[in-house]
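> Turn this into a structure:
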Amino acid sequence: MGPRNPAQRRYVLRVAIATAAYLITLAAAVRLVGRGEVTGPLAWLLALLPGLSVAGFFWAIGRLLIEEKDEYLRMLLVRQVLVATAFALSITSVWGFLENFRLVDHVDAYWVAILWFFGLGVGAFVNRLTLGTAGGGCA
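Residues are numbered from 1 along each chain as shown. As a prediction, the model looks like this:
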């Protein structure tokens with residue numbers, strides 16, 4: 001089932017744009033910076049672009065929270081985002097302490113966002129389990 005209202009349709013469009021930007025900038029950064037073909041300030045710019053594209057996903061979710069007119073759907077989305085945040089921060093905090101005591105290997109920081117996005121799915125599951133619906137949000 002597709003987006004049900006204008007806010008959700010705009011969200012899908014924003015995520016599609018962020019996804020395209022992410023894929024293009026990541027490919028460029030891997031090719032040009034990862035292979036050492038570009039150095040200096042341009043390398044920094046190219047390395048930053050995939051992360052800025054990921055920030056576009058967070059912006060899209062924030063805009064959905066602002067633009068969603070249905071209070072119940074907005075509440076479901078807020079719950080989903082809170083679960084995702086608690087999930088990602090809990091795992092990364094525990095891992096950070098394990099890493100600090102040299103019990104596990106270092107993990108790159110971008111995994112926090114990946115855990116958070118996975119946590120959106122956990123949040124949708126929690127909504128479905130506790131309220132009977134996942135909502136029409138971002139999972």
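> what helix or strand does the residue nearest the centre of the chain sit in?
Residue closest to the average C-alpha location in the chain (CA atoms, centre = their mean): residue 117, at 4.4 Å. Using DSSP states H and E, residue 117 sits within helix 111-131.
> can you check residue 59 too?
Going by DSSP H and E, residue 59 is in helix 40-67.
> counting contacts, what elements does whichever helix or strand comes after that helix pack onto?
Using DSSP H and E, the helix or strand that follows helix 40-67 in sequence is helix 71-100. Helices and strands touching helix 71-100, by 3 or more CB pairs under 8 Å, 6 or more residues apart in numbering; DSSP states H and E, are helix 40-67, helix 111-131. (C-beta placed from N, C-alpha, C; glycine too.)
> most neighbours per residue, which of these?
helix 111-131 (a mean of 17; mean count of other CB atoms under 10 Å).
> now what about it, what contacts it?
54, 57, 76, 79-88, 91-92, 133-135, 137-139 (CB atoms under 8 Å, 6 or more residues apart in numbering).
> Average pLDDT for the helix holding residue 117, rounded please.
Across helix 111-131, the average pLDDT comes to 97.
> Kindly report the same for stretch 22-41.
On average, stretch 22-41 scores 97.
> What is the end-to-end distance of that stretch?
20 Å (CA to CA, to the nearest Å).
> Go through it and flag the buried ones.
By neighbour count on 16 or more other CB atoms under 10 Å, the buried set for stretch 22-41 is 22, 25, 26, 28, 29, 32, 33, 38.
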